[in-house]
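# could you work out the structure for the sequence below:
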Amino acid sequence: MSASSPSKRPLITGMGAALVDLFADVDDATLENLGSPKGSMTLVDPPRAAELSAGVDIHTHRPGGSAANTVAGLAGLGMAGGFIGKVGDDALGQIFTASMTDLGVTFPVTPCDASVHPTGNCLVLVTPDAERTMHTLLGASVTTASEDLRTDMLDATGILFCEGYVWDSPTAREAFLHAAAHVKAGGGKIGFSLSDSFCVERHREDFLKLFENDIDILLANTAEATTLLGVDQMDDVVTAMHEARVDGAITSGPEGAVIVSGDEVVSVPARAVDKVVDLTGAGDQFAAGYLCGVATGRDPETCGTMGALAASEVIQHFGPRPEAGLIEVFAANGLPVS
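Purely as a prediction, here's the structure:
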């Protein structure tokens, strides 16, 4: 089957916030003046979002949302994708919806009244070192609920991939637990991204229960994984994953990633690029490449290499989703998607 014919593959369905990312270039002094910890992701309310936006020069709009970015990357690799999330009936909601449906992603959504719940957005402040500091207004995403789940979509799902930010909405959290039970009962797998260390700190007890009982595939960076497990060393993270029978990838930025699959553990280097422009979406696209490898039966090292390659593309431009044709990029690097 060719990579351009994904319909016969089980869906990889993402669940998370439907956001539009707003980008602005700032220096460290501006971050300090705004009271924004560098490299963090902070949830904000509408007044704070308006205050932040007024203090910077927004130059770029891009559809975003962590799990949505991963699904978009998977679609660019010819994989069948679905997405569960909510938007408002406003311009940003139209931008987000079109970005998914234009890629062929299954996204059944009934928009909210934007006067009450506008489409969420994420203000991304990028410093000269390409680090990004994010401020997220969840907006309509907090209204995602079990009523938004479609049985036919879950029946077709081989991997359900959820971002940790879902836990910031009680109704979305319950919807994920219902969706996960349905997918597991049908023989599917559950993937989970820890999202960021602050998110882990907010929901550590619940995330530990998921890790021990529900998750099959964990995507995290080193700080997130060690925060979750209360350890300091990567060896301890790997041991915990083995004990919980959880596979996955733990990334360490330019130092690469550690891939865990059953009893096998491999280290995969990051891909060198000429210039890092924006790190937004690096983890999301690593997840896309990695999950593509898992879904197509690749060995652990190849899965990690596919993740590193997808991440290397997205950090060379603004925005959290690929701009180059990933199928062609992979093929040029000896990794045809089939």
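# is Leu208 in contact with Ala225, as I believe?
No. Leu208 lies out of contact with Ala225 (C-beta atoms under 8 Å); the separation is 11.8 Å. In short, each C-beta sits where N, CA and C put it, glycine included.
# what about Leu149, how many neighbours?
Neighbour count of Leu149, defined by other C-beta atoms under 10 Å: 17.
# give the contact list for it.
Counting by C-beta atoms under 8 Å, 6 or more residues apart in numbering, Leu149 makes contact with Ile84, Ala175, His178, Ala179, His182.
# one more pass at 10 Å, please.
Met15, Ile84, Pro108, Ala175, Phe176, His178, Ala179, His182 (C-beta atoms under 10 Å, 6 or more residues apart in numbering).
# next one: Pro269
Pro254, Glu255, Gly256, Ala257, Gly304, Thr305, Ala308.
# what secondary structure does the last one sit in?
In terms of secondary structure, Ala308 is helix; the call rests on DSSP: H, G, I helix; E, B strand; the rest coil.
# what sits against it?
Ala308 is in contact with 249, 251, 256-257, 268-271, 282, 285-286, 289-290, counting by C-beta under 10 Å, 6+ apart.
# got a ChimeraX select line for the buried ones in those residues?
Buried members of those, defined by 16 or more other C-beta atoms under 10 Å, are picked up in ChimeraX with:
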select :249,251,256,257,268,270,271,282,285,286,289,290
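# now render the contacts of Ala308 as JSON lines, adding secondary structure.
JSON lines is the format used below for those (three-state DSSP):
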{"residue": "Ala249", "secondary structure": "strand"}
{"residue": "Thr251", "secondary structure": "strand"}
{"residue": "Gly256", "secondary structure": "coil"}
{"residue": "Ala257", "secondary structure": "strand"}
{"residue": "Val268", "secondary structure": "strand"}
{"residue": "Pro269", "secondary structure": "coil"}
{"residue": "Ala270", "secondary structure": "coil"}
{"residue": "Arg271", "secondary structure": "coil"}
{"residue": "Ala282", "secondary structure": "helix"}
{"residue": "Gln285", "secondary structure": "helix"}
{"residue": "Phe286", "secondary structure": "helix"}
{"residue": "Gly289", "secondary structure": "helix"}
{"residue": "Tyr290", "secondary structure": "helix"}
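# for the contacts of Ala308, which one is nearest Gly76?
Gln285 (9.3 Å; C-beta to C-beta).
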